[in-house]
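Participant: no sequence on this one, just coordinates:
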């Protein structure tokens with residue numbers, strides 16, 4: 001991996017595609033890549049890459065590696081969290097879903113929580129909650145719920161349009177979606193304006 005220098009040549013692109021395949025196939029491969037400096041190299045290349053195809057591979061590799069604790073530990077110091085938010089906003093749906101999962105894992109730590117918000121993660125997760133498939137919506141809703149566990153930002157989440165989308169989860173067939181929405185509403189309802197909006201959506205569902 002350390003030989004990937006001419007980023008716009010076909011050889012690095014081929015190497016990245018092989019690595020992408022490896023980390024998507026087996027968990028063991030992810031560990032090998034992550035513990036051998038893979039995250040550092042990916043972040044370094046993302047800092048200099050402008051090629052759309054190369055960037056897509058790099059973002060999708062990063063989203064997979066970030067599911068591992070060993071990869072997440074150094075991502076903040078590397079400045080790679082912003083790329084994880086980017087990975088959740090573009091590319092293949094499965095890759096975006098994995099990025100959302102990693103964001104949820106980051107969101108439970110105080111150090112990363114405010115950083116994620118400042119990087120625009122709320123809008124990214126709300127968009128995934130709006131347009132994702134069934135599984136992606138559950139992951140995005142759960143991740144947004146973790147991020148919302150801060151009274152200082154619940155207004156931002158409501159203004160981004162999350163409340164009607166959580167109401168859709170309650171109307172859906174998946175019990176997990178019901179639980180995610182219920183937990184989110186309990187947090188968001190701390191603000192009076194949010195409580196009114198939540199009540200209006202629940203009354204609409206009952207009708």
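Facilitator: Structure's in. What do you need? Note that the structure is a prediction, hence the values are computed from the model and not measured. Numbering: from 1, shown residues only.
Participant: against which helices or strands is the lowest-mean-pLDDT helix or strand in the chain packed?
Facilitator: Here the helix or strand of the chain ranked lowest by mean pLDDT, DSSP states H and E is helix 110-118, holding a mean of 82. Here helix 110-118 is seen to pack against helix 69-78, helix 81-87, helix 93-107, helix 134-147 when contacts are counted using 3 or more Cβ pairs under 8 Å, 6 or more residues apart in numbering; DSSP states H and E. For the C-beta atoms, the positions are set from N, CA and C on the backbone; glycine is no exception.
Participant: where does pLDDT dip in this structure?
Facilitator: Applying pLDDT under 70 to the chain flags residues 1-9, 49-50.
Participant: switch the cut-off to 80
Facilitator: For the chain, the stretches flagged by pLDDT under 80 are 1-12, 49-51, 109-113, 148-152.
Participant: give me the most central residue, it.
Facilitator: Using Cα atoms, centre = their mean, the residue of the chain that lies closest to the mean C-alpha position is residue 100, 2.2 Å off.
Participant: residue 129 is in contact with that one, correct?
Facilitator: No: with contact defined as Cβ atoms under 8 Å, residue 100 does not count as touching residue 129 (9.3 Å).
Participant: find residues that contact each of the two.
Facilitator: residue 140 (Cβ atoms under 8 Å, 6 or more residues apart in numbering).
Participant: surely residue 124 meets residue 87?
Facilitator: No: between residue 124 and residue 87 there is no contact under Cβ under 8 Å: 9.5 Å.
Participant: re earlier: how about TSV for the helices and strands packed on helix 110-118, with distance to residue 55 added?
Facilitator: As requested, those are arranged in TSV below (distance: least, Cβ to Cβ, whole Å):
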stretch	distance to residue 55
helix 69-78	17
helix 81-87	9
helix 93-107	12
helix 134-147	21
